[in-house]
Each structure stands twice: as C-alpha cells, then as structure tokens.
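S.K.: kindly generate the corresponding structure for this input.
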Amino acid sequence: MNAGEADTPAGQPRCLIDLKDGETALIRANGDRKSTEMGLFPGARVVMFRNRKAEQSLVIGADDARFLVSRAIAKKVEIEG
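M.R.: The predicted structure is shown next:
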C-alpha cells in the first residue's frame, strides 16, 4: 500500500492533495486549466515537498520548477502511483 492510500476511500482516485512529503506520482488528469498550462499536465511527474494540513497551499515540484498549489486546485489534480 502506498502512503496516502489509507486516506482515500476505496474506489476513489487519489488526488495531489493525498501525497505525503517526499512522495512522487504521475498526473493522470487535471481539472484545472490554469495549473495544466503551468506544467501540471497529464503524464508529468510531480514530487511533494510540503503538505501541511494547517497551511493553505502545497509545495510541489514538476520537472525543474516548484509550485505553490492551493488545496482547492490540488483536489482537482488526479494522480497515479
């Protein structure tokens, strides 16, 4: 079982917000056009740098870039792996 899977109900796809610090995944789908255009497109590999429930944004990396992503947008980004 991958980290974060226990937090996601069975049958529900994992989202970017489910990743733990240091965990990586591939983006399967992104329901937010603006973040897709920034580089969070299907097939991109992302790494979670900082995911604190008390904070409004996540810090993730994709390729050589780092992004602050709001929790609302992170819930729209479906991941695999």
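S.K.: quick one, phi psi at the residue nearest the centre of the chain?
M.R.: Taking Cα atoms, centre = their mean, the centroid of the chain lies closest to residue 16, which sits 2.0 Å from it. Here is the backbone geometry of residue 16 (degrees, to the nearest 10): phi -50, psi -40.
S.K.: make sure it is actually in contact with residue 61.
M.R.: No: applying Cβ atoms under 8 Å as the test, residue 16 and residue 61 come out as separate, 11.8 Å apart. Yep, even glycine has a C-beta here, placed from its N, CA and C like the rest.
S.K.: would you mind measuring the gap between the ends of stretch 31-47?
M.R.: Across its full length, stretch 31-47 reaches 19 Å between end residues, using Cα to Cα, to the nearest Å.
S.K.: in it, what's buried?
M.R.: Using 16 or more other Cβ atoms under 10 Å as the test for burial, stretch 31-47 gives 32, 35-36, 40, 46.
S.K.: using CSV, lay out those together with pLDDT.
M.R.: Putting these into CSV (pLDDT from 0 to 100) gives the following:
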residue, pLDDT
32, 94
35, 93
36, 94
40, 95
46, 97
